[in-house]
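A.B. asks: Need coordinates for the below:
(chains A and B)
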Amino acid sequence: MKRLTTYGLQIFFILAVSTTLALLFNNLRPQALSWIPTQEDPLEEEPREEITLAEAAMLFETGQAVFLDARDNYFYTQEHIQGALSLPPDYFDYEFPRLADQLTDKTVITYCDGELCSLGHELAIMLKDQGLPEVYVLVNGWWLWKNENLPVTRGAQP
Amino acid sequence: MKTNCSGHYLPVIAQGIRWILVAIFIYAAIPKILDPAQFAQNIANYALVPPMLTNALALILPWLELIIAILLICRLWPWASFFILNALLLIFLAALASAYFRGLDIDCGCFSTSSTMTLSMHWYLARDVFFVTLGLVGAWLNKYAP
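C.D. replies: Model (predicted):
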């Protein structure tokens, strides 16, 4: 019983030290992460302009929008929405200048795979920061698009 | 007291497993300590933890991993460290398995904070099962540690 109490105290102490270090280190950080998520978190900052599949498909049919694939390039090469360009947020700084000409003053629709995938939103925020006027996110876009058997193509970015 | 020769090897194996676990935990902790915001996003991707708690967990967990690694290096409080180590590994495995069975397309976020890794969930699951096995065997062998 005494041994169990000792182990319990040790575990409590380890947890307490970890929490203290986390507190101290986070406060030293230039951009400290708030302990309770607030509206100031980067992903919540900007209003999210989401678009439905029907609207996106209509813009696709009429050729009024450029689709941007936010998934990793590997998945893009496997298959992507017909005519979409690959622009994963992680490579934004590197890839965006190359694609900028094709995007200026166009309606842009970003997509990713999965309801919870945040890459589409991340990409949309980056595009808006670059001054693109109309950026929409098609949430769970890849899955929805495939599910409706809308046009797709394979292969790397031209 | 040991009558079979395998007794000689147990301390060596115990030591080896401990060092592997130390390496795993340090390797896992550092990127998360450096980028807690991304780790918080990774936790949120699992859709298991209330949103209120994701940031707090993202801040504390990596330090807990690091402290455990340091305690294992110093051979201080081995039972308490192994208890927390195995609790963490089992929670990670359970979270990953639950995401897998819910068909969630998530990046595991265990080692890297990049959300664009292309390795499959099967590999993550196999790896986590291996880690849990190491953790449990390590804890069991701890009594033989030199």
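
A.B. asks: How are the helices of chain B distributed by residue range?
C.D. replies: B:6-34, B:36-45, B:51-74, B:78-101, B:121-141 (DSSP state H).

A.B. asks: try chain A
C.D. replies: Using DSSP H, helices in chain A cover A:2-28, A:42-45, A:53-61, A:73-78, A:92-103, A:119-129, A:141-147.

A.B. asks: Please identify the most buried of the helices of chain B.
C.D. replies: A comparison of those by mean neighbour count, using mean count of other Cβ atoms under 10 Å in any protein chain shown, puts helix B:36-45 on top with a mean of 22. The way it works is simple: take the backbone N, C-alpha and C, and place the C-beta from them, glycine included.

A.B. asks: returning to what we had before: and the helices of chain A, which one is worst for confidence?
C.D. replies: Note on the helices of chain A: helix A:42-45 shows the lowest mean pLDDT, a mean of 50.

A.B. asks: ok, now how distant is residue A:59 from residue A:52?
C.D. replies: As for residue A:59, its distance to residue A:52 is 11 Å (criterion: Cβ to Cβ, to the nearest Å).

A.B. asks: okay, those two: which has more neighbours?
C.D. replies: residue A:59 (18 against 12; other Cβ atoms under 10 Å in any protein chain shown).

A.B. asks: show me the residues around the more buried one that make contact.
C.D. replies: A:65, A:107, A:109 (Cβ atoms under 8 Å, 6 or more residues apart in numbering or on different chains).

A.B. asks: want to try CSV for the helices of chain B, with mean pLDDT and distance to residue A:143 as columns?
C.D. replies: Listed next are the helices of chain B as CSV, based on pLDDT from 0 to 100; distance: least, Cβ to Cβ, whole Å:
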stretch, mean pLDDT, distance to residue A:143
helix B:6-34, 90, 29
helix B:36-45, 87, 16
helix B:51-74, 95, 23
helix B:78-101, 91, 16
helix B:121-141, 91, 16
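
A.B. asks: Can I get those in JSON lines including distance to residue A:75?
C.D. replies: Listed next are the helices of chain B as JSON lines, based on distance: least, Cβ to Cβ, whole Å:
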{"stretch": "helix B:6-34", "distance to residue A:75": "23"}
{"stretch": "helix B:36-45", "distance to residue A:75": "16"}
{"stretch": "helix B:51-74", "distance to residue A:75": "26"}
{"stretch": "helix B:78-101", "distance to residue A:75": "18"}
{"stretch": "helix B:121-141", "distance to residue A:75": "14"}
